[in-house]
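[1] Sequence and predicted structure, then a few things I'm wondering about:
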Amino acid sequence: MNRWIKFGGIAALIFLVFALVESVLLTSLLGVGGALESFFVLGNLFLGVVLLALWFWFAGLKNIGAVGQAAIGRTARFGYNASAYLVVFVGILVAINWLASRYDSRWDFTEQSVYSLSPQSRDVLAGLKKPLRLVGLKGQSVARLGREGQDIGRATKELFELYLHSNHSMLSVEQFDPQAKPGLVEKYGFKGGNLLYLEYGEGDTKAVSRIDQVSEEAVTNAILKLQRGAAKKVYYLTGHDEPSLSSVGPEGVGLLKEAIANEHFTIEELFLAQSGAVPADAAAVMLVAPARTFGSGEKDALIKYVEAGGHLLLLPQRKMTVSDPVFDEVRSLANHFGIEIGDNLVLDRVARLFAAPEIGAQPVVRTYGSHPITKDFTPTTVTVFNAAASVRSKAKSMDGVTYTDLLKSSQTAWAETNLSALFADEPSADADDSDIKGPVSMGVVYEKRLKSEPEAAGKSAEDSATKSSRVVVIADGDWVLNSNLNVYANKDLVLNSINWIAGEEGGVSIRPRSLRESAAPIEQETFLRLITASFMIPELILMFGLVVWWRRRNNPSRAG
């Protein structure tokens, strides 16, 4: 009995140490209340005090000498070794933390990279030529819930850390409490609803912006606007029953207008039959799904504009008829630049679950050409089209002129030329020798460099877009309608195309999306259970080992 009372002193120390370590951990994470709610902490504390009291009551101070003798024994050496290992382990942790603070690196292993900036944001930050300053708010006055349920001050801090990590040399950040420092509110010009202040450049030439959202998309778009200065203008051709630029219905392109505006462009309608020519301030011109033929001189005006260094995006729409004069007229316009839009319809075999493959007129694209428009696209990037025709270059790339196949269908697709059979009362379609076999090109990029005066004078080539004619042709107009724009990467493709033809390659990339975070909050009770289990299991193993060791130490005959 006496030997187990002595063992109680050792056990008491174990219980007290575990109670102390977990209480410190829980207090740092949950406060004092979290430690007091843990039955493991309270239980270990109770057992430690009771066993320690019993040890002093029955064994008394006379065992202190015995403990001292044990300290120089073999068993004590194991304890010394364990202590040494603990010191080394703590030293390693300290060294790792020091290295991490000195050489900051991040790895995002979440499924959708929710703790990383998008490629577009990283490209924008890498292209900073002047210092950028981000200023946000914090404190109780802004500790309100945002759109996604996050605390605004905390969300601002986390977003600033991501941006600062991407380019700490050109970027500085600041957060302040507007109630504690009202002078800074006036200094930075915060108005009602403003949450962030951005400042690009220094001195009299600096540009500033204030936004009302705390999100990567809003911040990156604001940075782009500050970099670009005055917004370039994109003209949207009208007068041929094109989809309405102001409509938010399924058949309109209001969402496309909003997306283009978010890219820091000004978009306006252009009635070319009335103006007679494309305005001189046009950065790009769009022709989307016209339903009526051109008026007198419109086609020639567009050709003249492009040949003078203009930029054109052609998205014709084939009607479900064999004869389509509007489609043929757009084909003639593209043909002037050496681009052939086929008099066909791209079909693909669509696999159905528990059914035979069917023929579909909505080709899915996963194959993209090597071009700035698609530079960040991968085989997992999907775009979907509807009633598209083949698009090919009639001529090969030559001096000053470059053609690039932008996107291609799958190998199981083909361009059906027998439209009479396809649009008959009982439609039929099958690939034959007269059809274009897959993969079928459905988009072509044309670029012709011009010998401009700035180039002849030996100036920088940064304004290459102003010294080249650029045309993008994709023989389908449905994929940019409101009903289809946000399907897969459709919006990325059209915005990248507009950025490129307008000479804003810096804005060409995958845009930030609303990503699902691969984490979920847990209740405090559940968290306490997890912490308790992580301490209880090692404690039980340690106590079991000590019991076995104590029995063998006091019963040498059983040691074998």
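    In hand now; what should we look at?
[2] The closest residue to residue 138 other than its chain neighbours and residue 135: what is the separation?
    The shortest distance from residue 138 to any non-neighbouring residue, by CB to CB, 6 or more residues apart in numbering, is to residue 153 (3.8 Å). All C-beta spots, glycine's among them, are computed from the backbone N, C-alpha and C. Separation of residue 153 from residue 135 (CB to CB, to the nearest Å) stands at 13 Å.
[3] same check, this time on residue 154
    On the measure of CB to CB, residue 154 and residue 135 end up 16 Å apart.
[4] Can you get me a residue count around the closest residue to residue 440 other than its chain neighbours?
    The shortest distance from residue 440 to any non-neighbouring residue, by CB to CB, 6+ apart, is to residue 409 (4.5 Å). Neighbouring residues of residue 409 were enumerated by other CB atoms under 10 Å; the total is 25.
[5] Can you check what pLDDT the model gives residue 409?
    Residue 409 carries a pLDDT value of 91.
[6] In contact with it, which residues are there?
    346, 348, 363-365, 367, 438-440, 442 (CB atoms under 8 Å, 6 or more residues apart in numbering).
[7] swap in residue 337?
    306, 446, 469, 471.
[8] which residues are contacting stretch 10-28?
    So stretch 10-28 is contacted by 34-35, 38, 40-42, 44-45, 47-52, 55, 528, 531-532, 535, 539, 542-543, 546, 550 (CB under 8 Å, 6+ apart).
[9] picking that back up, neighbour count: residue 154 and residue 135, which is higher?
    residue 135 (22 against 14).
[10] Got a ChimeraX select line for the buried ones in the contacts of residue 337?
    Buried residues among the contacts of residue 337 (16 or more other CB atoms under 10 Å), as a ChimeraX selection:
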select :306,446,469,471
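[11] So which of the contacts of residue 337 are in helices?
    residue 306 (DSSP state H).
[12] tally of neighbours for residue 229?
    10.
[13] packing partners for the lengthiest helix in the chain?
    Longest helix in the chain, counting residues (DSSP H): helix 524-554. In terms of contacts (3 or more CB pairs under 8 Å, 6 or more residues apart in numbering; DSSP states H and E), helix 524-554 is packed against helix 2-30, helix 39-58.
[14] Among those helices, which comes closest to residue 284?
    helix 2-30 (54.3 Å; CB to CB).
[15] Can you check what angle separates that closest one from helix 524-554?
    Helix 2-30 and helix 524-554 are oriented at 160 degrees to each other (axes from the mean of the first three to the mean of the last three CA atoms, to 10 degrees).
[16] mind checking how far helix 2-30 is from the chain centre?
    Relative to its parent chain, helix 2-30 has a centroid offset of 47 Å by CA atoms, centre = their mean, to the nearest Å.
[17] avg pLDDT for it?
    75.
[18] in that helix, what counts as buried?
    5-12, 14-16, 18-19, 22-23, 25-26, 30.
[19] before we move on, what about stretch 328-346?
    Buried residues in stretch 328-346 (16+ other CB under 10 Å): 329-331, 333-334, 337-346.
[20] show me the contacts for residue 535.
    18, 21-22, 40.
[21] Would you point out the most distant pair within those?
    Across the contacts of residue 535 (CB to CB), the longest gap, 10.8 Å, separates 21 and 40.
[22] so what's in contact with residue 153 and residue 135 at the same time?
    residue 175.
[23] Show me how the chain divides into domains.
    Under the assignment automatic domain parsing, the domains of the chain span 2-72+535-558, 119-224, 230-507.
[24] Now the terminal residues of the second one, how far apart.
    In this case it means domain 119-224. Domain 119-224 has an end-to-end distance of 14 Å (CA to CA, to the nearest Å).
[25] how distant is it from the center of its chain?
    Using CA atoms, centre = their mean, the offset of domain 119-224 from its chain centre is 18 Å.
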